[in-house]
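Colleague: got a structure for you, letters missing:
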């Protein structure tokens, strides 16, 4: 039996864009949009909502900004059966740059926040709710935070009006034990709210940790096509849809677009399980040093890299 | 706290050899042997014990046979801190071709068996025990067997003297739920025996299912370096050693050999997560059709392949 409350959000363009600064052409984004719609996915997160004051269009593709013009160029002409989401980072968007929901094709804004910024996140999320959007807060990097600080943040979130809070394994460092521990903590601290989960694949646990989230009662699930995403990538959508038994999901359009676009793309753009990302994952570190290594022409001595990162030797 | 009863067996050469008919040169096998010894791995499964009557040395490398001469060429001159294992398939080895333990550098023989052949497996395993070897039976392909037949096989195994029985996910089709269900069944049916687990990575669950096996009480764990193995491969040793907290394990020699040998090798030999293997995994099918596809120059229409396999359309 499937759980009808479960909603799948695909963030291929948003998280995958962290690899190439969202330099996707329209044809790619439109094909992803169509494939996800046909697959029965509930939400497509198409990019970040950022202000052009802070980021240049020369360096960043359209999906760093998600302007209404860009969005309409993609979804125009299609019957919209799937909701669209955009992510907002605190300090990278000004309130006045967010249009009213009635003037936007975006349905949901997810606010990404570190634990220490949760008050700013709540303020931004409340603003988005007032403008008419569905809204969530995604609490990042919680595997490296003092538990007391996390508990305080959850207390603030409990008092907020934000209805959905995400458990995020930013570093791909969690095992099933941590997922269950944190899900239990979040549910206890956030009565009446719904939980989501967003995982990274540094230890090949993005999919299994998402399943553990489901077992723990989490209903909002993030995934990306072929696992595409920053560093080791995310929970692969094709695996998740196959696991979920809801007959509304159809894996075939996802297989098709993987073959047409993502297999050739993966031969050029490196994401997925690689030893530098595994090392940041097992050491519970931000993947940035791993990404730096992976972007170099030649790998450095990986044993040395592991020892340095483990021992806290500065890399630069 | 770590569980001192846990023993890790690396089957890189044995399972990886299924990709290239064990055409590994001595330098490769010796480097694997040294890296595993340094890493503190408990057992290295170095190949199959097969009779030369049934297989040709022209088509198969030395590790299809594990002759004492070949073995001594590898391990000779080293202090042996790690046990060696060989796998035996029913009908591919004659009893008289197995030397006495006192005449062999092999410590353990693992008998691989389908459920329907369990009586033959028990007979071969008893023979190996009489010759002085540690012995296990690895019950394959149990995700496709009638539960009544599995229960009968477990009853036979319970009456045998074989001390260790493996739960094997041959098709990479199991989720954590199936691992826990079967582990509970095996423990209940096999009082006094120890359990092992051997997983495949078709759905990126080889590592997480091994962790679930540990949670369920399983102490014998299979893994391979960089996940190398037939089709989608196995539980990656580097991830497993990092998860286990036993201070005797050292991940660094594994990272080193991955960089020296396995990263370059993976650029030429295809193992790991690929859509054809994912499809056989989610459909609970033998990976052979996926392997056939992957060995072709050009992938066929994967959506069509999925539909055909799902609908039982013969492929050849």
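Modeller: That came through fine. Keep in mind that what you see is a predicted model, and the values were worked out from it rather than measured. Numbers count the residues shown, from 1 in each chain, chains lettered A, B, ... in the order given.
Colleague: tell me the secondary structure for the closest residue to chain B within the stretch 201-316 of chain A?
Modeller: Proximity of the stretch 201-316 of chain A to chain B (C-beta to the nearest C-beta) peaks at residue A:208, 3.2 Å away. C-beta coordinates here come from the backbone N, C-alpha and C atoms, glycine included. Using DSSP: H, G, I helix; E, B strand; the rest coil, the structure places residue A:208 in helix.
Colleague: what's the burial count for it?
Modeller: 28 (other C-beta atoms under 10 Å in any protein chain shown).
Colleague: That one and residue B:201 touch, don't they?
Modeller: No. The criterion here is C-beta atoms under 8 Å, and residue A:208 misses it with residue B:201 at 11.3 Å.
Colleague: for chain B, what are the nearby residues on chain A?
Modeller: By C-beta under 8 Å from any C-beta of the partner chain, the part of chain A that sits against chain B consists of A:175-176, A:201, A:203-209, A:211-212, A:215, A:236, A:238-239, A:242-243, A:251-252, A:255-256, A:258-259, A:263, A:272-273, A:275, A:278-279, A:282, A:299, A:301-303, A:306-307.
Colleague: one more time with 7 Å
Modeller: A:175-176, A:203-205, A:207-208, A:211, A:236, A:238-239, A:242-243, A:252, A:255-256, A:258-259, A:275, A:278, A:282, A:299, A:302-303, A:306 (C-beta under 7 Å from any C-beta of the partner chain).
Colleague: Restricted to strands, list those residues.
Modeller: Assignment to strands by DSSP state E places none of these there.
Colleague: out of those residues, which are buried?
Modeller: Among those, those buried by neighbour count (16 or more other C-beta atoms under 10 Å in any protein chain shown) are A:175-176, A:203-205, A:207-208, A:211, A:236, A:238-239, A:242-243, A:252, A:255-256, A:258-259, A:275, A:278, A:282, A:302-303, A:306.
Colleague: Past the helix or strand hosting residue A:73, which element shows up next along the chain?
Modeller: Using DSSP states H and E, the element containing residue A:73 is helix A:68-75. Remark: after helix A:68-75, the chain's next helix or strand is strand A:83-89, criterion DSSP H and E.
Colleague: How far off centre is that following strand?
Modeller: Distance of strand A:83-89 from its chain centroid, counting by C-alpha atoms, centre = their mean, to the nearest Å, is 10 Å.
Colleague: now that strand against helix A:68-75, angle please.
Modeller: 140 degrees (axes from the mean of the first three to the mean of the last three C-alpha atoms, to 10 degrees).
Colleague: Quick check: which helices or strands does strand A:83-89 pack against?
Modeller: strand A:43-48, strand A:108-114 (3 or more C-beta pairs under 7 Å, 6 or more residues apart in numbering or on different chains; DSSP states H and E).
Colleague: Direction included, what does it pair up with?
Modeller: Sheet partners assigned to strand A:83-89 using DSSP bridges are listed as strand A:43-48 (parallel), strand A:108-114 (parallel).
Colleague: what comes into contact with that strand?
Modeller: A:9, A:14, A:42-49, A:66, A:105-112, A:124 (C-beta atoms under 7 Å, 6 or more residues apart in numbering or on different chains).
Colleague: Also stretch A:138-146?
Modeller: With contact meaning C-beta under 7 Å, 6+ apart, stretch A:138-146 is reached by A:110-115, A:150, A:153, A:165-166, A:168-171, A:173-174, A:178, A:182, A:198, A:284.
Colleague: Would you map the helices across the stretch 201-316 of chain A?
Modeller: For the stretch 201-316 of chain A, the helices defined by DSSP state H, counting those that start in this stretch occupy A:206-215, A:237-243, A:252-257, A:263-266, A:275-282, A:288-295, A:302-311.
Colleague: Dump the ones you listed to TSV, plus mean pLDDT.
Modeller: As requested, the helices of the stretch 201-316 of chain A are exported to TSV (pLDDT from 0 to 100):
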stretch	mean pLDDT
helix A:206-215	98
helix A:237-243	98
helix A:252-257	98
helix A:263-266	95
helix A:275-282	98
helix A:288-295	94
helix A:302-311	96
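Colleague: Including distance to residue B:61, could the ones you listed go into CSV?
Modeller: Conversion of the helices of the stretch 201-316 of chain A to CSV gives the following (distance: least, C-beta to C-beta, whole Å):
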stretch, distance to residue B:61
helix A:206-215, 34
helix A:237-243, 34
helix A:252-257, 35
helix A:263-266, 31
helix A:275-282, 27
helix A:288-295, 33
helix A:302-311, 28
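Colleague: Residue A:30 is nearest to which of these?
Modeller: Closest of the helices of the stretch 201-316 of chain A to residue A:30 is helix A:252-257, at 11.0 Å (criterion: C-beta to C-beta).
Colleague: Please work out the average pLDDT along stretch A:47-57.
Modeller: Mean pLDDT, computed over stretch A:47-57, is 94.
Colleague: residues of it that come out buried?
Modeller: A:47, A:48, A:49, A:50, A:51, A:55.
Colleague: Among the helices and strands packed on strand A:83-89, pick out the one with the most neighbours on average.
Modeller: strand A:43-48 (a mean of 26; mean count of other C-beta atoms under 10 Å in any protein chain shown).
Colleague: Any idea how far apart the tips of stretch A:87-103 sit?
Modeller: Start-to-end span of stretch A:87-103 (C-alpha to C-alpha, to the nearest Å) is 17 Å.
Colleague: Name the residues of it that come out as buried.
Modeller: Residues of stretch A:87-103 classed as buried: A:87, A:88, A:89, A:90, A:92, A:93, A:97, A:98, A:99, A:101 (neighbour count, 16+ other C-beta under 10 Å).
Colleague: and the fifth one, what are its phi and psi?
Modeller: Backbone torsions of residue A:92, given as degrees, to the nearest 10, read phi -110, psi 0.
Colleague: Spit out the contact partners of it.
Modeller: Residue A:92 touches A:50, A:51, A:54, counting by C-beta under 7 Å, 6+ apart.
Colleague: now with 8 Å?
Modeller: Going by C-beta atoms under 8 Å, 6 or more residues apart in numbering or on different chains, residue A:92 touches A:48, A:50, A:51, A:54, A:55.
Colleague: do the last one as well
Modeller: Applying C-beta under 8 Å, 6+ apart, we find residue A:101 in contact with A:107, A:131, A:132, A:133.
Colleague: Residue A:248 now?
Modeller: Residue A:248 touches residue A:40, counting by C-beta under 8 Å, 6+ apart.
Colleague: any idea how far it lies from residue A:40?
Modeller: 4 Å (C-beta to C-beta, to the nearest Å).
Colleague: Kindly report the same for residue A:178.
Modeller: Taking C-beta to C-beta, one finds residue A:178 at 30 Å from residue A:40.
Colleague: Likewise for residue A:197?
Modeller: The gap separating residue A:197 from residue A:40 is 19 Å, by C-beta to C-beta.
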